[in-house]
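Novice: this one's sequence-less:
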């Protein structure tokens, strides 16, 4: 066979048939081209047939086309073989292919003959055409009927839709009013229900009365216990009906004696002590409605109003019937238990003088699994063996037998017994005779103690002796080091030596189930896994959760079917035959796995080995925890040093504090005053020392201040707002907080006074009240129209007047739109002027802004038949593009609304140089219309709120009177101005300016790659939009969530770098969201920053990285994000190469504040030495250095593989050209110039670089020009 195959493919016996053509180039080419074209043609035919069959799978016997295609392919192949054999004489193969072709062709011919009869009976084209025509006629008739039905249906649908739309609009308006009323009623009902539920859910009877004793509250527990309903007693009787009159009489006598005053029997008995401010708690008997009694513990307190006057009394009673019964039962049980022998923990057997078993206590029956009351002659039924010899105990050898027959006393004989249930136990057996007065044997008693567990424990202790010794040795070696690497290396080495396993490794787990082999000890010849990153879906899906629960996995043979096939395949990658895995926990959290592999053969793991590895895993966890605690302690010590430094500077901070702080003595004279306090009053600090505080308070408020001072003496603290008097007798509003002061012996020495000038706040409140008054007037106008129109519709008066109904609906809809615009404009202007909307400024091209604004109002201009002419000007400004577009669109929409049809509205701009009244070059924008014009006396007032040229404009043109006020606020925030000029009957022109951005500020390239993902959770859509825009402009990627539940789901799916969380949200609030995120293992390590309108406490809550108060300051928000993102900086090493010692210390302190390990090299030569020693993660390099300048340092670093890609911050006073920058490129490189960048900006840029370097973006290079 092998010879045949050899001959089949051999070419040595033949010559290529190209020799037949004498290798004539023309002749050979003719045959090659011909055969190739024929072969390609043959191959194209099957492709066509395949496509035809695929499209017409309804054809009968279509398989014959595929058979014919196979025949064509075989024919084509023979032609290609003709080309091949020109040069390679493989004629056996060529002949075989031709034979296959012959077989296929013959088979095809036979099949074709067989199919001819079937093909002949197929319908002819004429028959098919006739059938198609008849079918087509039926289709046409059906389509006509369907078209008629469709037209009828469409007409009906239009009529129904029009009627439904009218009804829906009216219903929506009515439903809105109903919903609002229902929400109000529901809120009141919820409050009432909550109050009632609190009372009714109490387990105690709660009864409150008026001062004279009339019941006014009777909760559900009182109804259940006493049988009365609340309606039976409230307002009708006093609690006397549920009390025993004899108890009331006795209590009145006791109280009269106790209080030294006569207490009459009645309601006063219950409240006499409560009237004196005491809580009266004692036991009473309650009488139910059915006359039955039960004991209660009743507590009575007085209810007081805000002026401490008694308004009633509250009685809370608890049923103590069960407690009374338990106390009685306890006395009986104590008497009974003293006489019960059955409580003995040992078996007691008592026999008479004939050896007949009289009694066995429960412990004895339990030891023997039952007891047989037999005589002495039947002791053979009890089976036992001597523990020391293993010999079976004969009936006469039982200790009880010997005690009865011979009077022997046996103490602590160790025997093994067979219980009646077949089990075996070890028993400590004692027996002694019972003698009468004449020392005659009256019977005997035997005591059995089950010591099976004790014996097993002794055996286990012996077995553990070796394990303990080995465990102690390994533990000692682990505990001798606090270095994690050394701990893990010692563990795997010692465990491999003790178990004689082929491989022992420690696998550190990540939260997603992946991990890395961090230490390994492996026998030579088997695969090495150290340092490998491993992720197996089968392991993560099936086994990871078991290890989190602390389970141990022991596999004796991976091929015995005990583990899943996917995991078997994974283990065999590492030649594993047997597997022992023990989880390692650090502070109750799964840290990793201690794994032993047997690679040479299957292995039966012993209990000793499982226990040893379990104990060692516990010790590893303890050692790792101690190592981590040591690291934390070092960090805490550094933090303590920092805190002490902050404390030393606190006193200096008080001196510079903005808030006024003072201390007064017991005579209310100033003894200490900070500069801010003195400045608010117009004094120097030393002028106030010794002055009485009355001189700084307006006479009208001095009585209130004295009352507040008295309140502080009682309660320790008071806050009050009063009018203050300055040195120049001017009056201002101030907020004062006073705190009592004590010396170390807790003696009162005066008080502290904290003062704030709130004059500005009072002015803001006045303006706010004025604004609310104006807004309420403006809101009532459209609301009145809406309400009137809807009332007419709801009354049914217009039911027979559809046109009038439609007009009323239009009035309501138009005024609704007006109201919405008004509210949006009010919100806009208030947020802008209050600073709640942060202007997210960036470099903007004015031509783009003008074009975009024109596109916004283009549709409006077409509707009004107004021509819009825009002349864009290319220039750069520093602005919030969205707000500037809002200014453009406001002005353009006003111009379009007030221009007649066919008029032209023009938007243009020009650059103006510095002038006398302008600080810098600026751009002047113009919006010109051809409207009716504006009177001269209105040109300034139209920029105020709710001001329009004509009061009817809001109704005719739909304006709110706030658009121009919003424009002015936006432009003022950008350093611009706005004004107008106008000619009545000709038109108006609105002008506004924006500062031109100097070209020097337009060349900043900001790094965008590797942006961190931020998840923002806030129920306020405006806040979400503002913060999202702010962060996106800073290069962050932002996801938003409108609820806590949505935020949790997005955190699980997206794994953001930081979460911004609002606290006050409906449904799941911020605190609940925080708790849920910290409970989940996959989200608990995500830093969370609180972004809320609430002020934080002195210390951050657990799990919170930082706290930002709304509205967010962009700089503070970015600092908080970078701080949260810097969680891994502890592993970063930074080398500062700077010859200025002072600057170097500043930089070191900055990095230390972020927990970054920092090194300093003052010279170029020392920088080279330190770099080789520590391999830094980041270099901060000055260029002017002694002993090799910065260029030489970079040239040297480039020549070393471990240092040539280190990220670099060039921090120098030199101005660098492009060629010098190219010389300084190392890894990721940024260039910062001393004196042109502030320390804060330097810190922000470097920390951003570190954070992005941590996230693996080392390959991006960014250049900053400063």
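Specialist: All right, it came through fine. Quantities reported herein were computed from a predicted structural model and do not represent experimental measurements.
Novice: Distance of residue 842 relative to residue 976?
Specialist: To residue 976, residue 842 is 16 Å away according to CB to CB, to the nearest Å. (C-beta placed from N, C-alpha, C; glycine too.)
Novice: Tell me how far the residue lying closest to residue 45 once chain neighbours are set aside lies from residue 636.
Specialist: Excluding the flanking residues, the one nearest residue 45 by CB to CB, 6 or more residues apart in numbering is residue 72, at 4.8 Å. Look at residue 72 and residue 636: by CB to CB, they are 85 Å apart.
Novice: The two: which has the busier surroundings?
Specialist: Counted by other CB atoms under 10 Å, residue 72 and residue 636 do not tie: residue 72 has more neighbours, with 22 against 12.
Novice: Tell me the confidence at that one?
Specialist: Per-residue pLDDT puts residue 72 at 83.
Novice: Centre of the chain to the helix or strand that it is a member of, how far?
Specialist: In the assignment (DSSP states H and E), residue 72 maps to helix 63-87. When distances are taken as CA atoms, centre = their mean, to the nearest Å, helix 63-87 is centred 66 Å away from the chain's centroid.
Novice: List the buried residues of that helix.
Specialist: By neighbour count on 16 or more other CB atoms under 10 Å, the buried set for helix 63-87 is 64-65, 68-83, 85-86.
Novice: again with stretch 708-728
Specialist: Buried residues in stretch 708-728, counted by 16+ other CB under 10 Å: 708, 709, 712, 718, 720, 722, 723, 724, 725.
Novice: In strands, which of the residues you listed appear?
Specialist: With strands defined by DSSP state E, the entries of the buried residues of stretch 708-728 inside them are 718, 720, 722, 723, 724, 725.
Novice: count of neighbours near residue 275?
Specialist: Other residues within reach of residue 275 by the criterion other CB under 10 Å amount to 13.
Novice: pLDDT at it, what is it?
Specialist: Turning to residue 275, the model gives it a pLDDT of 87.
Novice: surely it meets residue 310?
Specialist: Yes: at 6.6 Å, residue 275 counts as touching residue 310 under the criterion of CB atoms under 8 Å.
Novice: that older thread, list the contacts of the helix holding residue 72.
Specialist: If you take CB atoms under 8 Å, 6 or more residues apart in numbering as the criterion, helix 63-87 is touched by 16-18, 21, 28, 31-32, 35-36, 38-43, 45-46, 49-50, 52-53, 90-91, 93-94, 97-98, 100-101, 104-105, 107-108, 111-112, 115.
Novice: Got a quick ChimeraX command for the buried subset of these?
Specialist: The following ChimeraX command selects only the buried members of the contacts of helix 63-87, with burial defined by 16+ other CB under 10 Å:
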select :16,18,21,28,31,35,38,39,42,43,45,46,49,53,90,91,94,97,98,101,104,105,108
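Novice: Which members of the contacts of helix 63-87 are positioned in helices?
Specialist: Within those, residues falling in helices by DSSP state H are 28, 31-32, 35-36, 38-43, 45-46, 49-50, 52-53, 91, 93-94, 97-98, 100-101, 104-105, 107-108, 111-112, 115.
Novice: Packing partners of the helix ranked longest in the chain?
Specialist: Taking residue count as the measure and DSSP H as the definition, the longest helix of the chain comes out as helix 125-200. Based on contacts counted as 3 or more CB pairs under 8 Å, 6 or more residues apart in numbering; DSSP states H and E, the elements that helix 125-200 packs against are helix 220-226, helix 759-795, helix 802-834.
Novice: mean confidence for it?
Specialist: Along helix 125-200, the predicted local confidence has a mean pLDDT of 72.
Novice: And stretch 1170-1178, by the same measure?
Specialist: Per-region confidence: stretch 1170-1178 scores 85 on mean pLDDT.
Novice: Show residues contacting it.
Specialist: The contact list for stretch 1170-1178 (CB under 8 Å, 6+ apart) reads 1132-1135, 1159, 1161, 1179, 1197, 1200, 1202-1203, 1206-1209, 1246, 1249-1250, 1253.
Novice: at 7 Å what do you get?
Specialist: 1132-1135, 1159, 1161, 1197, 1202-1203, 1206-1207, 1209, 1250 (CB atoms under 7 Å, 6 or more residues apart in numbering).
Novice: Then stretch 688-703?
Specialist: In this structure, residues lying in contact with stretch 688-703 by CB under 7 Å, 6+ apart are 664, 668-671, 673, 678, 681, 705, 722-725, 731.
Novice: Show me the two of the residues you listed that sit farthest apart.
Specialist: By the measure CB to CB, 671 and 731 form the most distant pair in those, at 25.5 Å.
Novice: Tell me which of those two has more neighbours.
Specialist: For residue 671 versus residue 731, neighbours defined as other CB under 10 Å are more numerous around residue 671 (15 against 12).
Novice: State the distance from that one to residue 498.
Specialist: Using CB to CB, residue 671 is found at 74 Å from residue 498.
Novice: what's the answer for residue 856, then?
Specialist: Counting by CB to CB - residue 856 and residue 498 are separated by 79 Å.
Novice: between these two, which one's more packed in?
Specialist: Neighbour comparison, residue 856 and residue 498: the larger count goes to residue 498, with 19 against 14 (by other CB under 10 Å).
Novice: Let me know the next secondary structure element after the one helix or strand that one maps to.
Specialist: Element membership for residue 498 (DSSP H and E) is helix 484-499. The helix or strand immediately downstream of helix 484-499 is strand 503-509, counting by DSSP H and E.
Novice: next structured bit after that next one?
Specialist: Taking DSSP H and E as the definition, the helix or strand right after strand 503-509 is strand 515-522.
Novice: any idea of the mean pLDDT in that next one?
Specialist: If you average the pLDDT over strand 515-522, you get 91.
Novice: Whichever helix or strand comes after it pairs with which strands, and in what direction?
Specialist: Once the chain leaves strand 515-522, the next helix or strand it forms, by DSSP H and E, is strand 533-534. Based on DSSP bridges, the strands next to strand 533-534 in the sheet, each with its direction, are strand 515-522 (antiparallel).
Novice: Next, the angle strand 503-509 makes with the strand it pairs with.
Specialist: Orientation of strand 515-522 against strand 503-509 (axes from the mean of the first three to the mean of the last three CA atoms, to 10 degrees) gives an angle of 160 degrees.
Novice: hmm, back to that, nearest to residue 866, out of the buried residues of stretch 708-728: which one, please.
Specialist: Compare each of those with residue 866 using CB to CB and the shortest gap goes to residue 723, at 57.1 Å.
Novice: Pick out the residue closest to the middle of this structure.
Specialist: residue 1077 (4.2 Å; CA atoms, centre = their mean).
Novice: host element of that one?
Specialist: In the assignment (DSSP H and E), residue 1077 maps to helix 1070-1079.
Novice: and that helix, which residues are buried?
Specialist: For helix 1070-1079, the neighbour count (16+ other CB under 10 Å) marks 1070, 1073, 1074, 1076, 1077 as buried.
Novice: Who are the contact partners of the third one?
Specialist: Okay, so that is residue 1074. For residue 1074, the contacting residues are 1061, 1088, 1103, by CB under 7 Å, 6+ apart.
Novice: So which of these are in strands?
Specialist: 1061, 1088.
Novice: So for the contacts of residue 1074, which is the shakiest by pLDDT?
Specialist: For the contacts of residue 1074, the weakest pLDDT value sits at residue 1103, with 81.
Novice: one step back: so for residue 842 and residue 976, which sits in the more crowded spot?
Specialist: residue 976 (22 against 11).
Novice: wait, that one sits on residue 992?
Specialist: Yes: using CB atoms under 7 Å, residue 976 is in contact with residue 992, at 5.9 Å.
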